[in-house]
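Visitor: here is a sequence with its predicted model. Questions after.
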Amino acid sequence: QLERRYTIIGKFFAQHSPEFLTRAELLVRGVRVGADWHPVIKMPWVQGRTLNSFIGSRLGTLGQLIPVRDDLLKLAGAMRSLNMAHGDLQHGNVIVLNGRLKLVDYDGIYVPDLKGLPSSEIGFKHYQHPDRGRSHWGPAMDNFSLIVLYIGLSAVANGPTLWSKFDNGVNVLFNASDFADPLKSPLLKELRKLPGLGSMPEQFQEICKAGLDKVPTLNDFVSQT
């Protein structure tokens, strides 16, 4: 269903053109292997740094990490207003360009006209609720990932030494094991002691233990902490 998906996605992008996305085009006859043609996705190259690379280069610079975190909150609101979701928000799919966030990799994206099609992926495990499966498909599926990224950025801004302890190259502090058993999470234990986070660690612990359908939007999470 790749061709059908990207036809719908392309139409959505043309109608709305959100600045955090870039155009994507499906080439049905994209690359030939022997006698067989295979489709490819053609996109402009997005300059900038992946989110984890950006964080690693800005440790201790609260003034640069907090604006990026706040832009994440704006991005979440913009996606919600469009009734869309990315489906695989993680370090490699979030690019920081001139202090603003852009998203790449749209294979798992949800837009309203895709309703009724099955989910094509469930996202990278270090950013997903333990209950995430292919049945969780719709405009709310990024809520958990957005909260993970928001807390991660807030924590590193306030406690830069956390990066050397918990960065594994494919995460923003959190690992899937933190979500599966938050009460035993070494990271959440440290976050509870960190000033500047308010009740984020405690609220997030409850989110991990609750069902996926109970995960609030990022805006609601921030307003409650």
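Guide: On my side now, so go ahead.
Visitor: how far off centre is stretch 145-165?
Guide: Relative to its chain's centre, stretch 145-165 lies at 14 Å (CA atoms, centre = their mean, to the nearest Å).
Visitor: next, the buried residues of that stretch.
Guide: Using 16 or more other CB atoms under 10 Å as the burial criterion, the residues of stretch 145-165 that qualify are 145-160, 162-163. From N, CA and C alone the C-beta is placed, and that goes for glycine too.
Visitor: filter those down to just the ones in helices.
Guide: 145-158, 162-163 (DSSP state H).
Visitor: remind me, longest helix of this structure?
Guide: Max-length helix for the chain by DSSP H is helix 62-81.
Visitor: following that one, which helix or strand comes up?
Guide: Later in the chain than helix 62-81, the nearest helix or strand by DSSP states H and E is strand 94-97.
Visitor: tell me how far the longest helix of the chain lies from the chain's centre.
Guide: 12 Å.
Visitor: pull the CA atoms of it into CSV?
Guide: Only the C-alpha atoms of helix 62-81 are listed here, as CSV (Å, rounded to 0.1, in the frame of the first residue of the first chain):
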residue,chain,number,x,y,z
LEU,A,62,20.5,25.7,29.0
GLY,A,63,19.8,28.7,26.8
GLN,A,64,20.0,26.5,23.6
LEU,A,65,18.2,23.4,24.8
ILE,A,66,15.1,25.0,26.4
PRO,A,67,14.1,26.8,23.2
VAL,A,68,14.3,23.5,21.3
ARG,A,69,12.2,21.9,24.0
ASP,A,70,9.6,24.7,23.7
ASP,A,71,9.6,24.3,19.9
LEU,A,72,8.7,20.7,20.5
LEU,A,73,5.6,21.8,22.4
LYS,A,74,4.6,24.1,19.5
LEU,A,75,5.2,21.3,17.0
ALA,A,76,2.9,19.0,19.1
GLY,A,77,0.2,21.6,19.1
ALA,A,78,0.5,22.1,15.3
MET,A,79,0.2,18.4,14.6
ARG,A,80,-2.8,18.1,16.9
SER,A,81,-4.5,21.0,15.1
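Visitor: report the rounded mean pLDDT for it.
Guide: Helix 62-81 shows a mean pLDDT of 94.
Visitor: could you list the low-pLDDT ranges of the protein?
Guide: The chain contains no residues with pLDDT under 70.
Visitor: which residues of it fall in helices?
Guide: Counting by DSSP H, the helices of the chain are 2-16, 51-57, 62-81, 143-158, 162-166, 176-180, 186-193, 200-209, 218-224.
Visitor: so which of the ones you listed is nearest residue 115?
Guide: Each of these has some distance to residue 115 by CB to CB; the shortest is helix 2-16, at 10.0 Å.
Visitor: go ahead and flag the most central residue of this protein.
Guide: The chain has residue 89 as the residue nearest its centroid, 2.1 Å off, counting by CA atoms, centre = their mean.
Visitor: how about the contacts made by the residue lying closest to that residue once chain neighbours are set aside?
Guide: In space, and not counting its chain neighbours, residue 89 is closest to residue 145: 3.9 Å by CB to CB, 6 or more residues apart in numbering. Listed by CB atoms under 8 Å, 6 or more residues apart in numbering, the contact set of residue 145 reads 86, 88-90, 123, 127-128.
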